[in-house]
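>>> Give the three-dimensional model of this entry:
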Amino acid sequence: MNVTLIVADAPTASYAAVFTSNAFCGAPVTLGRRRMHEGLPLQALCINNKVSNVCAAGDGVADAETVCSAVAAALDLPGGSSSVLPSSTGVIGWKLPVDAMVKAVPDAVGDLQRDSLLPAAKGIMTTDRYPKLRSVEACGGRLVGIAKGAGMIEPNMATMLSFILTDLDVPRSELQRMLAAAADSSFNCMSVDADQSTSDTLVCISSATTPLKASRDQEALAEFEGALRQLCEELSGDVARNGEGTSHVIRVRVSGSPTREIARGVGKAVVNSPLFKTAVAGNDPNVGRLVGAVGSYLGRAAPELELGGVSMRLGGRTIFKQGSFDLDSEAEAELSAHLKQALITGEGGVSLPYPPHERCVEVEVELGNGDEAITVVGSDLTREYVDINADYRS
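Down below sits the predicted model:
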């Protein structure tokens, strides 16, 4: 287990967070929600991997609070334990090893440095093949984010674990609104395996050392919000790329929808379809599975829609329109080549410890029933995913 700390120089009132909507959420999520409700200044984040502190025997919230108190004492934080926000990830149902974690806190404090966020990105990993770290500049300042997640991934109003740091001073109410909106268009539009975690947490915390052009300058706020959305979209793409056993990332652009939620549902129906995912894993352009997944969702969620204007494209090539497939042997070869160029594994399908490129399997679905559009990303389904999750606790 790793205990990872992220610490600001001083307490800050500029922070925001969104959490899982899973009814059986982890104790750190319960405590995090309490911190948000209390609204006291934050100064430190304490993250552990391997054990998620979810529905374990005993008092998980008290266990998390004990670790927060140890962190606050070791750092001599003026706000005490209430200025520490905990996050945990790992096996569900295991009790947090509080004594071992408290003993590890001094070493975690000793590891703190100002040079890079990369050690923290590595420290929060579990089955991740590589750390996920992105940055973007805006408004004369910077946003830097890390994320953890490779399996049990279909977030809802959050992500697995992701932490975004910035020096830009954004009012807390604005930051909360922006973070929720950024999560909705990024992490909430991503799925590896359709299983929502009990521990999903997305936090943005600002040192507030760099003022915006003006606190009420809408142009500056809009620039910051765009940068935050970009960072979340890049991190969510990295999570899909780093999914357990992933050999292809699937990107689905759904347009012409009557509502945003129907568009999202269509996209997730595609990236969560086991049949389509396995076909992609095998570089088999079995587009009947694509059409079947879309039709199955629409039949349940929007049976009243007129579907005569629905069209679908794979790799930029039209494969379905006006209720019929548009395929021949040349198209099949072209589609297969598109799948192969999106492979992110090495020779013989071996997983790599790094992403060799950012190409995706590109799917487009035009519903012809409105103006709403959304992009959803996901991953294929391979034998390696099954092997990892069959042996996860072994």
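
>>> in its sheet, what does the lowest-mean-pLDDT helix or strand in the chain sit against?
When the helices and strands of the chain are scored by mean pLDDT, DSSP states H and E, strand 190-191 comes last with a mean of 77. The pairing partners recorded for strand 190-191 under DSSP bridges are strand 372-379 (parallel).

>>> can you give me how far the partner strand is from the chain middle?
Mean-position distance between strand 372-379 and its chain equals 13 Å (CA atoms, centre = their mean, to the nearest Å).

>>> Next, the residues that contact it from outside, please.
Applying CB atoms under 8 Å, 6 or more residues apart in numbering, the external contacts of strand 372-379 come out as 185, 189-192, 236-237, 240-241, 243, 246, 248-260, 262-264, 267-268, 270-272, 277, 360. Every residue, glycine included, has its C-beta placed from N, CA and C.

>>> next structured bit after it?
helix 383-390 (DSSP states H and E).

>>> Can you give me the buried ones in that next one?
Applying a neighbour-count criterion of 16 or more other CB atoms under 10 Å, one finds 384-385, 388-389 buried in helix 383-390.

>>> Just the contacts of strand 372-379: which are in helices?
185, 236-237, 240-241, 260, 262-264, 267-268, 270-271, 277 (DSSP state H).

>>> Show me which of those residues are buried.
Judged by 16+ other CB under 10 Å, buried ones among the ones in helices among the contacts of strand 372-379: 185, 236-237, 240-241, 262-264, 267-268, 270-271, 277.

>>> Just give me the closest of those residues to Ser199.
Ser236 (16.5 Å; CB to CB).

>>> In contact with that closest one, which residues are there?
With contacts defined as CB under 8 Å, 6+ apart, Ser236 is in contact with 147, 159, 186-187, 189-190, 377.

>>> Switch the residues you listed over to a markdown table, and while doing so, append distance to Asn22 and neighbour count to every line.
A markdown table is the format used below for the contacts of Ser236 (distance: CB to CB, whole Å; neighbours: other CB atoms under 10 Å):
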| residue | distance to Asn22 | neighbour count |
| --- | --- | --- |
| Ala147 | 18 | 28 |
| Thr159 | 13 | 27 |
| Ser186 | 19 | 26 |
| Phe187 | 14 | 29 |
| Cys189 | 18 | 24 |
| Met190 | 16 | 29 |
| Val377 | 21 | 24 |
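
>>> and which of those is nearest Glu332?
Once CB to CB is applied, the member of those that ends up nearest Glu332 is Val377, at 24.8 Å.

>>> residues in contact with stretch 25-34?
17, 19-20, 52-54, 56, 60-61, 63-65, 68, 85-88, 96, 198-201, 203.

>>> mind checking how far the closest residue in space to Glu306 that isn't next to it in sequence is from Ser296?
For Glu306, ignoring the flanking residues on the chain, the nearest one in space by CB to CB, 6 or more residues apart in numbering is Asn369 at 6.8 Å. From Asn369 over to Ser296 the distance is 17 Å, taken as CB to CB, to the nearest Å.

>>> swap in Pro211?
51 Å.

>>> ok, those two, which is more surrounded?
Pro211 (15 against 12; other CB atoms under 10 Å).

>>> Contacts only, for that one.
Contacts of Pro211 by CB under 8 Å, 6+ apart are 168-169.

>>> ok, now Ala17?
Ala17 touches 32, 36, 85, 176, 179, 201-204, counting by CB under 8 Å, 6+ apart.

>>> now do Ile205
So Ile205 contacts 6, 8, 12, 14-15, 42, 45, 163-166 (CB under 8 Å, 6+ apart).

>>> JSON lines for the residues you listed, including secondary structure and pLDDT?
Formatted as JSON lines, the entries for those read as follows, by DSSP: H, G, I helix; E, B strand; the rest coil; pLDDT from 0 to 100:
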{"residue": "Ile6", "secondary structure": "strand", "pLDDT": "98"}
{"residue": "Ala8", "secondary structure": "strand", "pLDDT": "97"}
{"residue": "Thr12", "secondary structure": "strand", "pLDDT": "97"}
{"residue": "Ser14", "secondary structure": "coil", "pLDDT": "96"}
{"residue": "Tyr15", "secondary structure": "strand", "pLDDT": "97"}
{"residue": "Leu42", "secondary structure": "strand", "pLDDT": "98"}
{"residue": "Leu45", "secondary structure": "strand", "pLDDT": "98"}
{"residue": "Phe163", "secondary structure": "strand", "pLDDT": "97"}
{"residue": "Ile164", "secondary structure": "strand", "pLDDT": "98"}
{"residue": "Leu165", "secondary structure": "strand", "pLDDT": "98"}
{"residue": "Thr166", "secondary structure": "strand", "pLDDT": "98"}
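
>>> Only the buried subset of those residues, as a ChimeraX command please.
Listed next is the ChimeraX selection for buried residues among these, using 16+ other CB under 10 Å:
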select :6,8,12,14,15,42,45,163,164,165,166
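
>>> Nearest to Gly308 among the contacts of Ile205?
Ile164 (43.7 Å).

>>> Is that closest one in contact with Phe187, as I believe?
No - counting by CB atoms under 8 Å, Ile164 sits too far from Phe187 to count as a contact (11.6 Å).

>>> all helices of this structure, in order?
Per DSSP H, the chain carries helices over the ranges 27-38, 60-75, 98-110, 118-123, 172-185, 218-241, 260-271, 274-281, 287-301, 329-341, 383-390.

>>> For the second one, buried residues please.
Pointing back at helix 60-75 there. Result for helix 60-75 [16+ other CB under 10 Å]: buried residues 60-61, 63-72, 74-75.

>>> Tell me where the model's unsure across the chain.
150-159, 192-198, 213-216, 392-394 (pLDDT under 70).

>>> repeat that for 80
For the chain, applying pLDDT under 80 flags the ranges 127, 149-160, 191-199, 213-217, 243-244, 348-349, 351, 388-394.

>>> According to the record, where do the domains of it fall?
Domain assignment for the chain, taken from automatic domain parsing, gives 3-241, 249-390.

>>> Figure out how far the last one is from the centre of its chain.
So that's domain 249-390. 19 Å.

>>> May I have the distance across it, first residue to last?
End-to-end distance for domain 249-390: 22 Å, by CA to CA, to the nearest Å.
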